[in-house]
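Chemist: Quick one: sequence plus predicted model below, questions after.
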Amino acid sequence: VQVAESGGGSVQAGGSLRLSCGASGGHTGYAMAWFRQAPGKEREFVAGITWAGYRTESADSVKGRFRISRADAGNTVYLQMTNLKPEDTAVYYCAARTGYFSRSPSDYEYWGQGTQVSVSS
């Protein structure tokens, strides 16, 4: 299974970005999630979505600003990020797993290479 992210970039505080992620080469029912890792910090959960898209969860730090969604078919997910803050600066990773989504990075079988998001004040 290959996972690939796109859509990162540099924005000013208050701006918006949309990240995209696709998982290919496996079946069509993966739970998927976004994680991020800032320099010197551990990888942290950002948002997750069930394989059918009927349930989502977000970290408290991004609630009300970030929204995870899923395309109607297949393993494509998006992360719409609004009102970005400098503390959102990190490499954002997309991950996929069989079963329900999890907030723990160690539960995920497949990972993308990451995409950089930089927010300046």
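Modeler: Perfect, I can see it now.
Chemist: Number of residues surrounding Pro39?
Modeler: 7 (other C-beta atoms under 10 Å). (C-beta placed from N, C-alpha, C; glycine too.)
Chemist: Repeat that for the one 5 residues further on.
Modeler: The criterion is other C-beta under 10 Å. On that basis, Glu44 has 14 neighbouring residues.
Chemist: The one 3 residues further on too?
Modeler: A count of neighbours around Ala47, defined by other C-beta under 10 Å, yields 25.
Chemist: Same check on Arg70?
Modeler: 19.
Chemist: is it true that it touches Thr76?
Modeler: Yes. Here Arg70 lies in contact with Thr76, judged by C-beta atoms under 8 Å, at a distance of 6.9 Å.
Chemist: residues in contact with the residue sitting nearest the centre point of the chain?
Modeler: With distances taken as C-alpha atoms, centre = their mean, Trp34 lies nearest the centre of the chain, 2.2 Å away. By C-beta atoms under 8 Å, 6 or more residues apart in numbering, the residues touching Trp34 are Leu19, Cys21, Val46, Ala47, Gly48, Ile68, Val77, Leu79, Tyr92, Tyr93, Cys94, Ala95.
Chemist: Put the buried members of those into a PyMOL selection.
Modeler: To isolate the buried ones among the contacts of Trp34 in PyMOL, judged by 16 or more other C-beta atoms under 10 Å, type:
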select buried, resi 19+21+46+47+48+68+77+79+92+93+94+95
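Chemist: Contacts for stretch 57-72, please.
Modeler: With contact meaning C-beta under 8 Å, 6+ apart, stretch 57-72 is reached by 32-34, 44-49, 53, 56, 76-84, 87-88, 101, 103.
Chemist: Okay, buried residues for that stretch please.
Modeler: Per 16+ other C-beta under 10 Å, stretch 57-72 contains these buried residues: Glu57, Ser58, Ala59, Val62, Phe66, Arg67, Ile68, Arg70.
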